[in-house]
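>>> Prediction below, plus the sequence it came from.
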Amino acid sequence: MAKKMAFSSILMALAIVCLFGASIVPTARISMLALTSVFGAITVAEYGPKYGLIHYLGVSILSLLLIPKKLLVIIYIVFLGYYPIVKMFIERLDRRAAEWLIKIIVFNLFLVIGYIVFKALFLPSMESAVVMLVLKYLPWVILASEAVFVIYDYVLSYIITYYYKILQIKINGGK
């Protein structure tokens, strides 16, 4: 139990460091955000969805307290933090077409939730010209978001596979 807690805590700390890095390094913001969910995926891979949920909640709460740019924290909470857990359950179906359909539906559901949160928190303070521009091209924004999500899911799958085949063996001492 102590090993699980220590390992999970280290992964939570690394996720928070990446979120903090995303808030101060403008050139690697998207990469740093995506990297935060990798630590959640490793937690899920090692100890299952229960520890994955604890990881997600811990990183979310601590990030709200520690990270200066709350928009990045909201992106983590709404899009990236929960996804490794959901991905694990969806991929247990072992039917590619159904998996992708469910993943896209879940992503779009959380895209709508993200829009509602963004609208409530940030749109009142944004310039109306920017808002009108985004709304004018909203279908393209959604389509581009879905394309980025597919790439993100593919890369996350690749990293999880790499973790299982190589890193997990090295971490456990070749056992």
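Ah, there it is.

>>> measure the residue nearest to the spatial centre of the chain to residue 166 for me?
By C-alpha atoms, centre = their mean, the chain has its centre lying nearest to residue 80, at 1.6 Å. When distance is defined by C-beta to C-beta, to the nearest Å, residue 80 is 23 Å away from residue 166. In this view, the C-beta of every residue, glycine as well, is placed from N, C-alpha and C.

>>> returning to that earlier point: in contact with the residue nearest to the centre of the chain, which residues are there?
33, 34, 36, 37, 40 (C-beta atoms under 8 Å, 6 or more residues apart in numbering).

>>> List the residues that contact residue 149.
103, 104, 107.

>>> so the first one, which of the three states?
Right, residue 103. Following DSSP: H, G, I helix; E, B strand; the rest coil, residue 103 is assigned to helix.

>>> Quick check: it vs residue 149, distance?
Going from residue 103 to residue 149 by C-beta to C-beta gives 8 Å.

>>> Now the element after the worst-scoring helix or strand of the chain on mean pLDDT, going C-ward?
Using mean pLDDT, DSSP states H and E, the weakest-scoring helix or strand in the chain turns out to be helix 128-136, at a mean of 70. Using DSSP states H and E, the helix or strand that follows helix 128-136 in sequence is helix 138-162.

>>> buried set for that following helix?
By neighbour count with 16 or more other C-beta atoms under 10 Å, helix 138-162 contains the buried residues 149, 152, 153, 156, 159, 160.

>>> What is the nearest of those residues to residue 92?
For the buried residues of helix 138-162, the closest approach to residue 92 (C-beta to C-beta) belongs to residue 160, at 13.6 Å.

>>> mind listing what that closest one touches?
41, 42, 45.

>>> Run a quick check on residue 47 versus residue 4, I expect a contact.
Yes. The criterion here is C-beta atoms under 8 Å, and residue 47 meets it with residue 4 at 5.4 Å.

>>> can you map out the helices along the protein?
Assigned helices in the chain, in chain order: 2-24, 29-47, 49-66, 70-75, 83-91, 96-121, 128-136, 138-162, 168-171 (criterion: DSSP state H).

>>> so which of those helices is the most packed in?
Of all those, helix 29-47 has the most neighbours on average by mean count of other C-beta atoms under 10 Å, namely a mean of 21.
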